[in-house]
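Asks: Pasting the sequence and the predicted model now:
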Amino acid sequence: MFSVSDLVTMLGGQANITRVLYPNKQLVIEVDDLSLIHDSLPSYSVEEVLGKPQLTFSMPEHFDEMRLLELGAVIAEQQKRLAVDASQPAACEHRPTWHVSPPRGLLNDPNGFIYHQGQYHLFYQWYPHGCVHKDKYWAHLTSRDLVNWDWQPLALTPSDWFDSHGVFSGHALSQGEQLMLFYTGNTRIGNQRDRHTTQCLAVSDDGIHFKKLGPVIPDLPEGVTPHIRDPKIVRHGDHWLMLLGAQTTDLKGRLAVYRSQDLLKWEFVALCGDEMGDFGYMWECPDLFELGGEYFAVVGPQGIESESALHTIPHHNGYAKAQLDAEDKMTLSEFGNLDRGFDFYAPQTLLTADGRRILSGWMGLPDEIDHPSTDNGWVHQLTALRELSSKAGRLIQMPIAEIEGLYQDKQRFTLDNERYQQLNNKAFDMSVELDWGSELRLHAKDEQFVSIRLDEATRTLLLDRTHTLIREGDTKREVTLTSDKVSLRILSDESSLEIFVNGGEQVLTSRVFTDKDAAAIELVDGLANFEVFPLNAASAPFVVS
Ligand code: FRU
């Protein structure tokens with residue numbers, strides 16, 4: 001009989017253990033350096049997986065799941081230690097001053113966005129050790145005003161046998177004192193990289209330190225591939241529903257629905273969304289909420305046909321009306337885009353203390369990592385928070401009112417073909433109404449600018465970021481509008497523009513990288529009155545030493 005700490009010693013100490021896996025009830029431990037292993041270690045076989053030795057043991061009788069969690073905690077401690085340096089921000093002129101960006105490494109989806117015990121909690125998918133998609137962590141931020149965010153200790157790391165290759169996305173629930181995080185555990189087994197997926201739970205009594213309870217759904221339902229993830233939990237009648245993005249074995253994106261009375265035991269209900277037909281090969285990051293008496297489901301369908309030839313990437317975002325029947329089966333209809341820009345994916349929503357439905361999204365896309373900020377060691381950011389409302393069955397999105405807390409004194413100016421306005425910096429909230437036929441240029445300097453052109457003949461708004469420092473991704477987007485004039489509310493930061501069109505009926509979110517001093521506004525054609533609030537910086541969402 002040996003304890004976990006004996007095992008750690010025999011394996012060459014905490015720093016030598018990089019992963020634990022448990023495929024088919026076999027203990028597999030990955031180490032850094034085989035030469036540090038003690039001779040006293042019980043017999044094992046070794047396989048090299050992606051350059052690292054993985055040791056497979058015949059499972060010692062007494063080494064149960066409690067011991068596995070203990071070993072996971074040892075690995076987590078080490079992972080948290082190694083991530084300390086990455087929580088110090090890398091200097092970069094493209095760093096946003098009021099959006100959430102990662103100190104270093106790669107940020108993707110917002111996670112666990114929730115109001116709990118008087119504070120807002122926002123987590124995000126984070127790989128601290130480079131601008132690549134590797135084993136994901138949950139970084140943790142808190143806020144009292146939804147604008148200024150404080151860095152908290154890392155919430156979850158890929159330390160355990162059920163999430164060793166990524167603590168993937170999920171949502172949170174506030175249950176009295178307890179904050180519950182539901183997420184997807186991602187593991188890859190052997191050199192064949194077999195994907196194993198479980199839906200997991202971690203809980204916290206102080207909102208800061210989380211204890212993993214392991215998988216609450218350990219197996220796949222019938223008819224899906226291991227691509228099933230991103231749990232969203234909602235209360236429905238007298239029970240709970242869990243929604244998951246899923247891929248069927250015939251490679252169609254669908255929603256998997258589970259139900260539970262106690263949030264611990266989950267019963268599979270159905271795969272939903274057949275009425276959408278062939279609608280992509282995978283759906284990710286579902287959400288579900290009620291607004292104005294209707295249910296809306298949010299999904300990220302991958303591989304659907306684009307509405308515009310200018311949109312060439314497979315990752316889409318959108319929402320549909322949702323109907324739930326007495327058996328908790330969901331029917332979807334009237335799919336629409338949430339955002340028509342370049343960089344918007346994997347959004348999730350919360351209900352504020354005063355009952356508003358607020359959305360946070362990832363300002364980035366799954367396949368793009370080569371952006372100018374990558375040169376400085378960080379990539380991607382979160383969108384500004386948006387308040388949702390519904391009008392005639394369609395979602396309307398506008399910036400949350402709390403942004404006004406960052407306002408400096410209002411500036412007003414009129415521009416026409418002859419004039420341009422130099423601003424002191426790129427952080428501002430601007431409102432303008434434009435006529436068809438006009439072209440507005442932002443973040444402009446010499447040859448650099450982002451263009452918003454209103455094409456009169458086709459009644460199309462064209463967003464073009466060709467003349468920026470962009471290295472990959474699409475450069476043009478288009479949206480057809482029917483209004484007589486076009487009103488724009490534009491949120492700007494060092495490397496982003498979020499354009500809310502006609503009172504939030506359409507939104508176009510875009511990362512734009514230009515020189516630090518490319519801060520002019522030009523109106524190439526037309527005449528318009530501008531109202532601009534320069535924005536103060538929000539508190540930095542990382543450890544600043
Ligand atoms: C969406 C996504 C999720 C997954 C996470 C992994 O961007 O692919 O489906 O849980 O990212 O980081």
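Replies: Yes, it's here. Numbers count the residues shown, from 1 in each chain.
Asks: So the closest residue to residue 104 other than its chain neighbours, which state does it fall into?
Replies: Counting by CB to CB, 6 or more residues apart in numbering, residue 104 lies nearest to residue 86, which is 4.4 Å off, once chain neighbours are set aside. Glycine gets a C-beta too; all of them are placed from N, C-alpha and C. Assigned by DSSP: H, G, I helix; E, B strand; the rest coil, the conformation of residue 86 is helix.
Asks: Surely residue 86 is in contact with residue 127?
Replies: No: in this structure, residue 86 is not within contact of residue 127 by CB atoms under 8 Å, at 9.1 Å.
Asks: which residues do those two both contact?
Replies: Between them, residue 86 and residue 127 share these contacting residues under CB atoms under 8 Å, 6 or more residues apart in numbering: residue 105.
Asks: about what we covered before: and the residue nearest to residue 104, what is it in contact with?
Replies: So residue 86 contacts 103, 104, 105, 128, 129 (CB under 8 Å, 6+ apart).
Asks: That one and the ligand: what is the separation?
Replies: To the ligand, residue 86 is 16 Å away according to CB to the nearest ligand atom, to the nearest Å.
Asks: Roughly how far does that residue sit from residue 219?
Replies: Distance, residue 86 to residue 219, using CB to CB, to the nearest Å: 34 Å.
Asks: Show me what the residue nearest to residue 261 when sequence neighbours are not counted is bridged to.
Replies: Distances taken as CB to CB, 6+ apart put residue 239 closest to residue 261, at 5.4 Å, once the chain neighbours are dropped. Residue 239 forms beta bridges with residue 236, as assigned by DSSP bridges.
Asks: What distance do you get for residue 239 to residue 2?
Replies: Using CB to CB, residue 239 is found at 43 Å from residue 2.
Asks: more neighbours, the two?
Replies: Between residue 239 and residue 2, counted using other CB atoms under 10 Å, residue 2 has the larger neighbour count: 16 against 13.
Asks: In the sheet, which residues pair with residue 476? Tell me.
Replies: Residue 476 forms beta bridges with residue 464, as assigned by DSSP bridges.
Asks: For it, grab the count of nearby residues.
Replies: Other residues lying near residue 476 total 16 when counted by other CB under 10 Å.
Asks: Please name the residues that touch it.
Replies: Residues in contact with residue 476, defined by CB under 8 Å, 6+ apart, are 310, 462, 463, 464, 465, 466.
Asks: Can you check the pLDDT for the residue lying closest to the third one once chain neighbours are set aside?
Replies: Setting aside the residues directly before and after it, residue 463 is nearest to residue 477 in space (CB to CB, 6+ apart), at 4.5 Å. At residue 477 the predicted local distance difference test score is 98.
Asks: just residue 1 next, same as before
Replies: pLDDT, the model's per-residue confidence, is 69 for residue 1.
Asks: cool, residue 37 as well?
Replies: Listed pLDDT for residue 37 reads 96.
Asks: does the residue of the stretch 201-350 of the chain found nearest the ligand have beta-bridge partners, and which?
Replies: Nearest to the ligand, among the residues of the stretch 201-350 of the chain, is residue 284, at 3.7 Å (CB to the nearest ligand atom). On the basis of DSSP bridges, residue 284 takes part in beta bridges with residue 300.
Asks: residues contacting it?
Replies: Residue 284 neighbours (CB under 8 Å, 6+ apart): 169, 229, 230, 245, 299, 300, 302, 346.
Asks: three-state assignment of residue 242?
Replies: For residue 242, the assignment made with three-state DSSP gives strand.
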